[in-house]
Structure formats: structure tokens, C-alpha cells
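Asker: Here's my sequence, what's the structure:
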Amino acid sequence: MALPNPSLIKTAIENLFAAIAEDPTVEGSREAASNLWSLQRNLNVIYPVADVALTADSTDADVAAFLAGDGAGLVVAGGVFRTTTATYDLTDNALATAKGSAVAINDVYAVTDAGTGVVFMGADGDRTFDFSGEAPSDFEA
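Answerer: The predicted structure is shown next:
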């Protein structure tokens with residue numbers, strides 16, 4: 001069985017954090033948030049990040065071409081990669097579009113299961129999942 005796309009896992013965990021923070025007075029809220037934080041390490045082991053050096057904006061036309069070009073042998077559909085060159089994107093600007101701003105070194109992207117698109121996962125190139133934006137104070141009554 002294939003692993004779920006990491007972007008789906010990220011969205012689900014963000015929704016869980018949001019639901020818990022909605023009413024931190026509910027019994028078990030803090031413990032639930034703590035359990036979610038503890039998942040981060042395990043998920044990052046399950047979903048490793050591949051380093052990819054894009055060579056030029058004109059090298060790979062789109063995500064499918066990237067998987068056959070600069071990403072070949074490094075990234076597959078449903079996989080995760082980190083950019084190691086700051087300014088390069090795909091010809092169709094899929095990376096900047098997914099991020100909502102210019103591509104930077106250490107940006108992390110998940111390739112869609114179909115291998116035709118990407119989802120921006122964050123700017124922490126060391127890992128796929130980063131829950132550091134969730135503060136313990138958000139879960140205190």
C-alpha cells in the first residue's frame with residue numbers, strides 16, 4: 001500500500017491543531033496537541049526529503065518534465081524534495097505558484113500523486129513536516 005501524499009497529511013494535522021485550539025478548555029486538548037507534536041519526528045522519517053538542484057528555468061517545462069529531468073532518480077510522484085538552488089523554477093513556474101512567492105533555497109515541495117503538480121510544504125529544508133508554528137500557549141485554557 002502506498003503512503004498517502006504528504007500534503008494530505010499536512011492539511012489533516014493542521015486541521016486537527018486548529019480544532020483543538022478552537023476550545024483549549026476541553027479536557028485532553030493539551031495532551032492531544034502534544035501527541036500531534038510527537039508525530040512530527042516519525043512522519044519526517046517516513047517522508048524523507050530529496051535534494052534537487054534545478055539547473056535553469058528553461059530545463060524542465062513542468063512537473064512531469066521535472067520528474068523525467070532534474071528530478072529523475074531523486075523524486076517520484078507523491079515524493080518530497082527540497083530546492084538547493086535559490087532562483088530556479090520550472091518553465092511553467094509551478095514552484096513559485098505553489099508557494100505564492102519566489103523560489104528560495106530549502107523550500108520543500110510535495111509532488112502530487114499524479115506527478116503533474118506540486119504543493120508547497122514549507123521553507124524548512126531539513127524536513128517534510130514542521131509543526132513549530134503551533135505554540136503550546138494556543139492550547140492552554
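Asker: On the three-state scheme, Asp89 is what?
Answerer: At Asp89, secondary structure determined by DSSP: H, G, I helix; E, B strand; the rest coil is coil.
Asker: check contacts around it.
Answerer: Residues near Asp89 by C-beta atoms under 8 Å, 6 or more residues apart in numbering: 54, 57, 95-96, 103. Where C-beta positions appear, they are placed from N, C-alpha and C, glycine not excepted.
Asker: Lowest-confidence one in those residues?
Answerer: Lowest pLDDT within the contacts of Asp89 is found at Asp57 (84).
Asker: Surely that one and Leu90 touch.
Answerer: Yes. Using C-beta atoms under 8 Å, Asp57 is in contact with Leu90, at 7.3 Å.
Asker: neighbour count winner among those two?
Answerer: More neighbours surround Leu90 than the other of Asp57 and Leu90, with 25 against 15 (other C-beta atoms under 10 Å).
Asker: What does Leu67 show for phi and psi?
Answerer: Here is the backbone geometry of Leu67 (degrees, to the nearest 10): phi -60, psi -30.
Asker: following the worst-scoring helix or strand of the chain on mean pLDDT, which helix or strand shows up next?
Answerer: None of the helices or strands of the chain scores lower by mean pLDDT, DSSP states H and E than helix 29-46, at a mean of 88. For helix 29-46, the following helix or strand on the C-terminal side (DSSP states H and E) is strand 50-52.
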